[in-house]
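In: Whatever this is, show me its structure:
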Amino acid sequence: MEIPTTLFFLISLVLSQLILSTVSQPDFFFSKCSDKFGNYSNSSPFRGNLNSALATISSKSSTQVVDYGFNNASSGEDPDRANVKALCRGGVSLEQCRICVSNSVRRILQNCPSQKEGTGWYGNCQIVYSNNSVHGEISISGATRILYNTGRAPDAKGFNEELRELLDGLRDRAASGSSIRKSASGDVRLEAPNTYTIYGLVDCFPDMSFFDCDVCLSRLQSNLPSCCSGSIGARLVVTSCQINYEIHPLYESLLSPPSQYAPPTI
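Out: As a prediction, this is how the structure comes out:
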C-alpha cells in the first residue's frame, strides 16, 4: 500500500530538511550498506516508506526512545515495506539518546542513499533499516567493527582472565533481559601488579531471544583473543549486539527502567 501523495510530500519535506542539516554533523564511526535486497530511487515507494518509518522513530513524542532507549517502526506493505529500529547504549541519558537517534536518522540516508539495507553507529546509539524484517532478527555475519585501546595491561594473562569472567557474567545478564532492554554493565577490580578496575558494558537489541543475544555476544567475544589480548580497552560491534570495556567508567548508570512496560510497536 502506497502512502497518500500529500503525506508523502510532507514526510519528504521534513526528511529533506533533516538531510540538509547533516553538513554540520559528524559521520558515523562505522556504517555499512547492503544491496542484498536491492536498491531504490528517491521517487520509489520504498523511499517514501523509509522516510515515514525514520520520521516515526525520531519523533520527539516517541515514547519508545524517550522511555527506555529502544524503538522500531515499519511503513508500507511488501514488497516495498521499510523496517527501522534504533538502540541506545546502556547508560546513555534519555536526552542524549533522543538526540543521537535523531542524528542517526539524518545521517543514514546520506551514507546509504540507494541501498535497501543499512546500519550505522554513533558512540551512543545505532540505527538499522531494511526491506526485510528486522524484528527479533540476529545478524552476526559481515563486517565486525573493532576499536581498541593501544595501552597494554602489565599482566596480560591475568587481565584477560578477569575480563573473560566479567563479560561472561554480563552476557548472561543481558541475554536474560526483558523485551524492552537487554543491556548489562559491571566491573571487576584487579589488585596486582597494578591496581585498576575493568568496566564492561554489553548490549543486544531487546527484541532478540535469550538464545540469539547469547550467541551474538559469545561470537563477538570470541574475537577478543585475536584482536585485543591484553588491551586495556576495546569496543566490538556487529548489527545485533556490541561489547565495550575500559579501565575507566563507561557511564554513570544504565538507562532507568520505564514506569510502565509497553510492548514494542512493530
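In: Skip the chain neighbours and tell me the closest residue to Asn111.
Out: Ser31 (4.7 Å; Cβ to Cβ, 6 or more residues apart in numbering). (C-beta placed from N, C-alpha, C; glycine too.)
In: Please report phi then psi for the one you found.
Out: Backbone torsions for Ser31, taken as degrees, to the nearest 10, come to phi -150, psi 160.
In: in terms of contact, does it touch Pro113 like I think?
Out: No. Between Ser31 and Pro113 there is no contact under Cβ atoms under 8 Å: 11.9 Å.
In: now stretch 163-171: mean pLDDT?
Out: Across stretch 163-171, the average pLDDT comes to 98.
In: I misspoke; the intended subject was stretch 109-128.
Out: 94.
In: pLDDT value on the residue nearest to Asn111, please?
Out: pLDDT at Ser31 comes out at 92.
In: burial of Thr150, as a residue count?
Out: Neighbour count of Thr150, defined by other Cβ atoms under 10 Å: 7.
In: Look up how far Leu163 lies from it.
Out: According to Cβ to Cβ, to the nearest Å, Thr150 and Leu163 sit 16 Å apart.
In: Using PDB, list the CA coordinates for stretch 117-126.
Out: Taking C-alpha atoms only, stretch 117-126 is exported to PDB below (Å, rounded to 0.1, in the frame of the first residue of the first chain):
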ATOM      1  CA  GLU A 117      19.500  -2.200   3.900                       C
ATOM      2  CA  GLY A 118      21.900  -0.300   6.100                       C
ATOM      3  CA  THR A 119      23.100   0.300   9.600                       C
ATOM      4  CA  GLY A 120      25.200   3.000  11.300                       C
ATOM      5  CA  TRP A 121      26.800   3.600  14.700                       C
ATOM      6  CA  TYR A 122      27.400   6.700  16.700                       C
ATOM      7  CA  GLY A 123      29.100   6.500  20.000                       C
ATOM      8  CA  ASN A 124      25.800   6.400  21.900                       C
ATOM      9  CA  CYS A 125      23.400   4.700  19.500                       C
ATOM     10  CA  GLN A 126      22.800   2.600  16.500                       C
END
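In: List the buried residues of that stretch.
Out: Residues of stretch 117-126 classed as buried by neighbour count (16 or more other Cβ atoms under 10 Å): Glu117, Gly118, Thr119, Gly120, Trp121, Tyr122, Asn124, Cys125, Gln126.
In: just to revisit the earlier point, what number of residues lie near the residue nearest to Asn111?
Out: Ser31: 21 neighbours (other Cβ under 10 Å).
In: List the residues that contact it.
Out: Ser31 makes contact with Arg107, Ile108, Asn111, Cys112, Gly118, Thr119, Gly120, Trp121 under the criterion Cβ atoms under 8 Å, 6 or more residues apart in numbering.
In: The third one contacts Phe29, doesn't it?
Out: So the one you mean is Asn111. No. Taking Cβ under 8 Å as the definition, Asn111 is not a contact partner of Phe29, at 11.6 Å.
In: Of the buried residues of stretch 117-126, which is the nearest to Thr195?
Out: Asn124 (29.7 Å; Cβ to Cβ).
In: give me every residue that touches the closest one.
Out: Each residue near Asn124 by Cβ under 8 Å, 6+ apart is listed here: Cys88, Arg89, Val92, Gln96, Cys97, Cys100.
In: between those residues, which is nearest Gly158?
Out: Gly158 has its nearest neighbour among these in Arg89, at 27.6 Å by Cβ to Cβ.
In: Next secondary structure element downstream of the helix or strand that contains Ala73?
Out: Assigned by DSSP states H and E, Ala73 belongs to strand 70-75. Later in the chain than strand 70-75, the nearest helix or strand by DSSP H and E is strand 82-88.
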